[in-house]
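>>> here's a sequence, model it:
(chains A and B)
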Amino acid sequence: KQEVTQIPAALSVPEGENLVLNCSFTDSAIYNLQWFRQDPGKGLTSLLLIQSSQREQTSGRLNASLDKSSGRSTLYIAASQPGDSATYLCAVNQAGTALIFGKGTTLSVSS
Amino acid sequence: GAGVSQSPRYKVAKRGQDVALRCDPISGHVSLFWYQQALGQGPEFLTYFQNEAQLDKSGLPSDRFFAERPEGSVSTLKIQRTQQEDSAVYLCASSFFVGDTQYFGPGTRLTVL
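Okay, the predicted model is just below:
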């Protein structure tokens, strides 16, 4: 059974710092991997989707990498801002349908 | 609308009541998903539709949970005889095709007293 783990569970950084969020999964036979952001009391906002054949995806200050063989993905956030404060969720899609989520990393960026 | 919408946003039910949660996916999206999110946890898959066909309902926790999408657009998640453990946020997501990016609605927060 696929399990997704996110480390750390919480992270606090000063504004301007570059940071990395980690996601690991137990079964490397995945279809794709998606990173989301969730603000308190809100739904999920899709940030990046990496297909199983890709190594990384970039959007603005965000860069996500995928190492399928080792079961790892990282989300790199450059020059963090207070508006980046949220919970970041990693989700694996194994069969092209249902997403399997980690518990998330709660990020706090102080000004 | 431009995104996935869900209604109601908040629902309080007494234990034993039936509830119905609605999801309006993005127009033209073939795939529709329901997830359940408990406090402090990641969302957990409940069920999946492709058009009007329910192709996977393996995540539904009991036979009190029922979902439908009769015309391949709007979907309703129904919970019969609600229990306290059903309290959670219910999220709906849609995608243009299977395996594509899933876009989530704001969720319905269900509280069972």
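>>> not including adjacent chain positions, what is the nearest residue to the residue of chain B found nearest chain A?
Nearest residue of chain B to chain A, counting by CB to the nearest CB: B:G42, 3.1 Å away. (C-beta placed from N, C-alpha, C; glycine too.) Leaving aside its sequence neighbours, B:G42 sits nearest to A:F101 (CB to CB, 6 or more residues apart in numbering or on different chains; 3.1 Å).
>>> what's the answer for A:G96, then?
Closest residue in space to A:G96, ignoring its immediate chain neighbours: B:G99 at 3.8 Å, by CB to CB, 6+ apart.
>>> tell me which element the one you found falls in.
Using DSSP states H and E, B:G99 falls within no helix or strand.
>>> is it true that it touches A:L33?
No. The pair B:G99 / A:L33 is not scored as a contact, 11.7 Å apart, by CB atoms under 8 Å.
>>> the two: which is more packed in?
A:L33 (27 against 17; other CB atoms under 10 Å in any protein chain shown).
>>> and the more buried one, how close does it get to chain B?
11 Å (CB to the nearest CB, to the nearest Å).
>>> just to revisit the earlier point, who's in contact with the residue nearest to B:G42?
Listed by CB atoms under 8 Å, 6 or more residues apart in numbering or on different chains, the contact partners of A:F101 are A:4, A:89-91, B:42-44.
>>> go on, A:S69?
A:S28.
>>> quick revisit: give me the pLDDT for the residue nearest to A:G96.
At B:G99, the model reports a pLDDT of 85.
>>> got a list of what it touches?
By CB under 8 Å, 6+ apart, the residues touching B:G99 are A:31-32, A:93, A:96-97.
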